[in-house]
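Undergrad: how does the following fold in three dimensions:
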Amino acid sequence: MRLWAPLEVRSLDASRIFYEKLLPVVDSFDDGLVFGVGDGRIEIVQTRHPAYPPPIAIEVPTWEEAGPDGTVFPRGHYGRFLTDPDGHRLLIWSERR
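TA: As a prediction, the model looks like this:
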């Protein structure tokens with residue numbers, strides 16, 4: 001498993017400049033970048049209306065481990081959102097079937 005912090009940002013360029021001073025870029029895609037934080041990741045995605053607070057994301061090895069009733073997201077990964085007793089959103093997801 002791997003912990004992710006997915007962040008929606010208004011300006012990809014401004015966020016890239018900020019995070020590149022702190023962390024290495026380990027992946028990129030249209031409108032987004034992924035930075036390495038040890039075994040974890042910070043993902044920034046540009047959007048017009050960022051969500052606050054962002055969900056916490058946990059990457060699991062397979063789609064099956066992500067659980068039933070999930071969604072296939074535009075970039076091809078699968079996941080589902082859960083809400084803890086205090087209202088914090090969790091995304092459980094995987095890239096691999």
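Undergrad: quick one, strands of the protein?
TA: 2-9, 25-29, 32-37, 40-46, 56-59, 71-72, 78-83, 89-94 (DSSP state E).
Undergrad: Provide the strand pairings for the shortest one, with the direction of each partner.
TA: Strands that pair with strand 71-72, judged by DSSP bridges, come out as strand 78-83 (antiparallel).
Undergrad: and if you look at the third one?
TA: If you go by DSSP bridges, strand 32-37 pairs up with strand 25-29 (antiparallel), strand 40-46 (antiparallel).
Undergrad: just the fifth one next, same as before
TA: For strand 56-59, sheet partners with direction are given as strand 2-9 (antiparallel), strand 89-94 (parallel), following DSSP bridges.
Undergrad: tell me the mean pLDDT over it?
TA: Strand 56-59 shows an average pLDDT of 92 in the prediction.
Undergrad: next, format the strands of the chain as CSV and append mean neighbour count and distance to residue 15.
TA: C-betas here are computed from N, CA, C, even on glycine. Converted to CSV, those look like this (neighbours: other CB atoms under 10 Å; distance: least, CB to CB, whole Å):
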stretch, mean neighbour count, distance to residue 15
strand 2-9, 17, 4
strand 25-29, 12, 12
strand 32-37, 18, 8
strand 40-46, 18, 5
strand 56-59, 18, 17
strand 71-72, 12, 25
strand 78-83, 16, 22
strand 89-94, 19, 19
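Undergrad: any chance of these in a markdown table, plus distance to residue 16?
TA: Listed next are the strands of the chain as a markdown table, based on distance: least, CB to CB, whole Å:
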| stretch | distance to residue 16 |
| --- | --- |
| strand 2-9 | 9 |
| strand 25-29 | 8 |
| strand 32-37 | 6 |
| strand 40-46 | 7 |
| strand 56-59 | 20 |
| strand 71-72 | 27 |
| strand 78-83 | 24 |
| strand 89-94 | 22 |
